[in-house]
Structures are given as C-alpha cells and as structure tokens.
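Chemist: What follows is a predicted structure for the sequence shown.
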Amino acid sequence: MPSTLPSLLFLLVSLLTPTLIFSSPFQNPEEVVQEVNRKINASMARPRRSLGYLSCGSGNPIDDCWRCDPNWEQNRQSLADCAIGFGKNAIGGRDGKIYVVDDAGDDDPVNPKPGTLRHAVIQDEPLWIIFARDMVIQLKEELIMNSFKTIDGRGASVHIAGGPCITVQYVTNIIIHGIHVHDCKQGGNAMVRASPRHYGWRTVSDGDGVSIFGGSHVWVDHCSLSNCNDGLIDAIHGSTAITISNNYMTHHDKVMLLGHSDSYTPDKDMQVTIAFNHFGEGLVQRMPRCRFGYFHVVNNDYTHWEMYAIGGSANPTINSQGNRFVAPDDRFSKEVTKHEDAAEIEWQSWNWRSEGDLFVNGAFFTASGAGASSSYARASSLNARPSSLVGSITTAAGALTCKKVAHDYNLHLLLLEPSQLKNLDVPREKQVKKS
C-alpha cells in the first residue's frame with residue numbers, strides 16, 4: 001500500500017534512526033585542519049614521477065591518491081579512501097556492488113526503471129554507481145538519494161541538467177564525483193520515491209544543484225556546477241562532516257549556502273572543508289555564505305566575484321588558508337569578506353582568519369575575533385600550500401574528461417583536464433573517447 005502522507009512523515013521516520021543519520025562533530029576541528037595541511041604538504045614533498053600524461057606529487061592529495069593509479073578504472077571504489085577534511089569518512093558505496101546506469105531517460109519518480117540513475121540511488125544496499133556511456137539526464141523531480149551511495153561519473157560525460165537535481169536528505173555516506181550539474185529547476189508538488197519501501201509527497205524544492213538537508217559524511221568532488229535556480233551546493237538543517245573539493249563553479253549568483261538560518265542553532269555542529277575548488281567566471285556571491293559551524297577554506301582559486309567571496313552570520317568560524325583571491329575591477333567590491341546581518345560590535349568577535357592567502361587586484365580580507373589579533377597563535381607550524389601554487393593545484397578542477405590515448409603503441413585510459421588534451425602530441429584519429 002503506497003504511502004500518501006506528507007514528506008514530513010518521512011523526515012520523522014528518518015529521525016528515528018540517528019545512528020545512520022547524524023554525525024558527532026569533531027571535538028577539535030583544528031586537528032582536522034592540520035591533518036589536511038599535513039596531507040597537502042606530504043603530496044607536495046612526494047617525488048614527482050610521470051605516469052603517461054599525469055604526474056604525482058601535485059600538491060593535491062586527493063588527486064594523487066587515485067589519478068596516479070593506471071588501473072583506476074578497475075579500482076574505482078578505492079576513491080572512497082581519498083577524501084580529506086571533515087568529509088574524509090564518507091565511504092559512499094565503497095563496500096557494495098557496482099551498478100551501471102545505462103538508461104538516461106524513463107525517469108519515473110515513483111516507479112523508477114532498473115538501469116536508471118533514480119533506480120540506483122534509492123536502493124537500500126550500498127552501491128557504487130557508474131555510467132555505461134555519455135548521457136544527459138533530465139530529471140522530472142528531485143533525485144532523492146539513499147545512504148551509502150557513490151555517483152561516479154569517471155569514464156563518461158554525465159550531465160544532470162534541465163530539471164530538478166540532487167537531494168541528500170537525512171542520509172549519510174554520499175560521494176558525488178565527476179559529473180556536470182547545471183540548469184537545475186524547482187520540482188515538487190509531486191510524489192517521489194526515496195527508497196524501495198517508501199514514496200511520499202514532496203513540496204516545492206529550491207532548485208539547488210546539490211541540496212544537503214540533515215545529511216552527514218558527504219563528499220562532492222570534481223564536479224562542474226553552474227546556473228541553478230537557487231544554490232549550486234547548499235548544506236542546511238544540521239548537516240555536517242562535509243568536504244567540497246576540486247569543483248569548478250561558474251555562472252551563478254548565490255553559489256553556496258552553509259547553514260539554514262540565524263535562528264537554527266543545530267547548525268552549530270556543521271563542519272565543512274572547502275578545498276582545491278575553482279570559483280570561476282560569472283559568480284556573484286556566497287563562496288560560501290556560512291552560519292554557526294566551522295569552515296576550513298583551503299587552497300581554492302577565486303578568480304571571479306561581483307559582490308563578495310566569503311560571508312557569514314551567526315558567529316561562524318572561518319579559517320581561510322592559502323587561497324588566491326582576484327578582486328573584480330569594481331572598486332566597491334574588493335573585499336573578500338562580508339559580515340552579514342550584524343553590527344561591527346557584534347561581528348568583531350567572530351573568529352575569521354586569513355593565513356597565507358594571496359590577494360590580487362586590491363582584494364582584501366577583513367579578519368575578526370582571534371584571527372584579527374597580531375598575537376594570534378597558530379595551531380601548528382604546518383600551513384596550507386603557498387597560495388602561489390593554487391593555480392596549478394586547481395588546474396584540474398571540475399569534471400574530468402576521459403580519453404583513450406595512443407602512446408608508445410599502447411592504449412592508456414587517462415583522465416585529463418582540457419588544458420592537457422590541447423597539448424597531447426597524438427594524432428587526432430588516435431584520440432578516441434571512451435564508450
């Protein structure tokens with residue numbers, strides 16, 4: 001007998017399984033920050049060795065963890081061991097079977113067809129979801145994910161676009177990697193299935209690219225996101241243990257909201273790592289906009305904003321390390337930071353600090369709290385990589401392109417960023433897209 005109760009009932013049922021849903025925050029987030037910095041430094045210190053057209057020791061420990069493996073396609077699930085930061089324990093579908101999506105259409109939100117992405121993500125068992133070929137998936141309603149799932153777009157060009165997009169609601173252990181998410185629309189006022197056992201009524205969604213609502217242990221890596229109705233990646237309502245890394249974000253206004261409202265105090269437990277992303281052309285604000293919580297923003301490349309880059313309210317801790325901030329030419333938009341909805345007498349106690357950031361074209365960061373003190377004591381002598389290296393560290397941000405490349409009479413299956421593809425000394429007829 002199908003459920004016809006509002007989605008509120010689904011939320012209530014979900015709340016009855018806190019061991020699956022909620023994650024205790026790290027008691028000392030500075031220890032996680034220092035672990036990230038150790039991994040970045042170790043990656044940079046590793047001897048550089050060539051593997052086809054890739055190199056190890058790039059300074060990006062996530063990429064070095066898997067891109068240096070010539071057999072990555074046979075070892076897909078080892079990606080789950082490569083996360084860093086607060087979302088480092090997100091294992092997704094590492095311990096489950098591989099599910100191949102071979103049907104880009106037939107999106108039935110209530111009775112999804114086997115072989116579709118929606119059928120894959122709602123299953124109760126852990127699954128590592130890959131794609132049989134290039135595809136554009138236009139969803140009719142939100143893609144409601146179940147726990148312990150990985151969406152792995154490596155080896156195909158996968159776009160989720162033109163309809164409602166991805167929702168991570170009251171679930172845990174999610175990895176979203178290597179896909180394009182763009183032109184996302186609102187959905188709702190419809191029935192949508194969330195598991196093999198339950199579907200219910202969904203009210204109107206915001207139209208985010210990736211909406212994390214009460215989710216934990218979530219890692220979004222190497223995605224290209226743009227032009228959605230609301231946020232590109234939003235995390236609210238007690239979400240925590242999140243890493244957002246290696247993404248390329250463009251052409252959007254309110255990029256990333258982390259924290260529901262100034263009155264929603266459960267977001268005090270929110271902890272998010274934002275690393276190695278490229279915030280590119282056509283962006284306006286919220287990279288991110290934070291509330292409560294602890295936010296480590298490390299080795300990102302900010303090449304465009306119109307209003308500001310990093311903002312917040314409700315006393316969040318913002319730790320900015322080794323980023324490159326290139327201000328717009330508008331002389332009224334040079335400030336990286338925006339202390340939202342508070343008088344200076346209030347926000348001057350918020351702990352916002354900048355360490356080793358590079359400021360270009362007049363950009364400046366307004367520190368506050370302990371971060372504004374000249375006597376501020378660093379937690380450790382280990383810092384992020386120098387901001388001067390951010391350009392090279394983030395050069396592969398976004399969804400990677402997979403090519404079979406003829407080289408020395410052998411075919412190598414490589415993941416290359418567009419800049420590398422342009423420079424390959426390989427005849428065009430021998431560059432074949434994986435199918």
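Modeler: Structure received. Numbering: from 1, shown residues only.
Chemist: Now do the buried residues in the longest helix that the chain contains.
Modeler: Longest helix in the chain by number of residues (criterion: DSSP state H): helix 29-45. Applying a neighbour-count criterion of 16 or more other Cβ atoms under 10 Å, the buried positions in helix 29-45 are Pro29, Val32, Val33, Gln34, Glu35, Val36, Asn37, Lys39, Ile40, Asn41, Ser43, Met44. (Glycine included, C-beta is placed from N, CA and C.)
Chemist: Make a markdown table out of those and add pLDDT and distance to Glu344.
Modeler: A markdown table is the format used below for those (pLDDT from 0 to 100; distance: Cβ to Cβ, whole Å):
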| residue | pLDDT | distance to Glu344 |
| --- | --- | --- |
| Pro29 | 93 | 26 |
| Val32 | 95 | 30 |
| Val33 | 94 | 27 |
| Gln34 | 91 | 31 |
| Glu35 | 93 | 34 |
| Val36 | 92 | 31 |
| Asn37 | 89 | 31 |
| Lys39 | 89 | 37 |
| Ile40 | 86 | 34 |
| Asn41 | 83 | 36 |
| Ser43 | 81 | 39 |
| Met44 | 71 | 38 |
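Chemist: Check the offset of the longest helix of the chain from the chain's centre.
Modeler: Put simply, helix 29-45 sits 19 Å off its chain's centre (Cα atoms, centre = their mean, to the nearest Å).
Chemist: Same check on stretch 182-195?
Modeler: 20 Å.
Chemist: what does it contact?
Modeler: Residues from elsewhere that reach stretch 182-195 (Cβ atoms under 8 Å, 6 or more residues apart in numbering): 10, 109-112, 118, 122-124, 139-142, 144, 146, 159-165, 169, 199-209, 224-229.
Chemist: Can you spell out which residues form a bridge with Ser320?
Modeler: Beta-bridge partners of Ser320, counted by DSSP bridges, are Val297, Ser354.
Chemist: Could you list the domains of the chain?
Modeler: As recorded under automatic domain parsing, the domains making up the chain are 7-393, 401-433.
Chemist: tell me the most buried of those?
Modeler: Mean neighbours per residue, mean count of other Cβ atoms under 10 Å, is largest over the domains of the chain for domain 7-393, with a mean of 20.
Chemist: quick one: the strands in the stretch 51-200 of the chain?
Modeler: Assigned by DSSP state E, counting those that start in this stretch, the strands in the stretch 51-200 of the chain fall at 54-55, 97-101, 127-131, 135-137, 143-144, 149-152, 158-161, 166-169, 172-177, 180-182, 190-195, 198-202.
Chemist: Which one, of those strands, ends up nearest to Ser245?
Modeler: strand 172-177 (9.7 Å; Cβ to Cβ).
Chemist: how far does the closest one sit from the chain's center?
Modeler: Centroid separation for strand 172-177 versus its chain: 9 Å, with Cα atoms, centre = their mean.
Chemist: Could you point out which of the strands of the stretch 51-200 of the chain sits nearest Ser387?
Modeler: That would be strand 54-55 among those, by Cβ to Cβ, at 20.7 Å.
Chemist: what about stretch 123-131, how long is it end to end?
Modeler: 17 Å (Cα to Cα, to the nearest Å).
Chemist: If you could redo that for stretch 277-286, that was the one I meant.
Modeler: This stretch, stretch 277-286, spans 14 Å end to end (Cα to Cα).
Chemist: any residues touching that stretch, and which ones?
Modeler: With Cβ under 8 Å, 6+ apart as the criterion, stretch 277-286 contacts 226, 231, 244-257, 287, 300-309, 311, 338, 394, 397-398.
Chemist: cool, stretch 332-351 as well?
Modeler: 262, 285, 289, 302, 305-313, 315-318, 320, 325, 327-328, 352, 354, 359, 361-366, 368-372.
Chemist: Kindly recompute the last result at 6 Å.
Modeler: Residues from elsewhere that reach stretch 332-351 (Cβ atoms under 6 Å, 6 or more residues apart in numbering): 308-311, 313, 315, 317, 325, 327, 362-366, 368-371.
Chemist: How about stretch 117-124?
Modeler: Tyr99, Val101, Asp107, Pro112, Leu127, Ile129, Ile137, Met145, Asn146, Lys149, Arg193, Ser195.
Chemist: Tell me the predicted confidence for the closest residue to Arg291 other than its chain neighbours.
Modeler: For Arg291, ignoring the flanking residues on the chain, the nearest one in space by Cβ to Cβ, 6 or more residues apart in numbering is Gly259 at 2.6 Å. pLDDT for Gly259: 97.
Chemist: now Asp103
Modeler: In this model, Asp103 carries a pLDDT of 97.
Chemist: how near is it to Thr395?
Modeler: According to Cβ to Cβ, to the nearest Å, Asp103 and Thr395 sit 34 Å apart.
Chemist: Need the three-state assignment for His304.
Modeler: coil (DSSP: H, G, I helix; E, B strand; the rest coil).
Chemist: contacting residues for it?
Modeler: By Cβ under 6 Å, 6+ apart, the neighbours of His304 are Gly280, Glu281, Leu283.
Chemist: what about the last one, distance to Phe295?
Modeler: Okay, so that is Leu283. Distance from Leu283 to Phe295, by Cβ to Cβ: 18 Å.
Chemist: ok now stretch 262-272, how far from the chain's centre?
Modeler: For stretch 262-272, the distance to the chain centre is 19 Å (Cα atoms, centre = their mean).
Chemist: and the end-to-end length of it?
Modeler: End to end - Cα to Cα - stretch 262-272 spans 17 Å.
Chemist: Can you pull out the low-pLDDT segments for the chain?
Modeler: 1-23, 45-56, 374-385, 402-435 (pLDDT under 70).
Chemist: end to end, how far does stretch 178-187 reach?
Modeler: Stretch 178-187: ends 24 Å apart by Cα to Cα.
Chemist: check contacts around the residue nearest to Arg193 when sequence neighbours are not counted.
Modeler: Spatially, and ignoring its direct neighbours in sequence, Arg193 is nearest to Tyr199 (3.8 Å; Cβ to Cβ, 6+ apart). The neighbourhood of Tyr199, defined by Cβ under 6 Å, 6+ apart, consists of Val110, Met191, Arg193.
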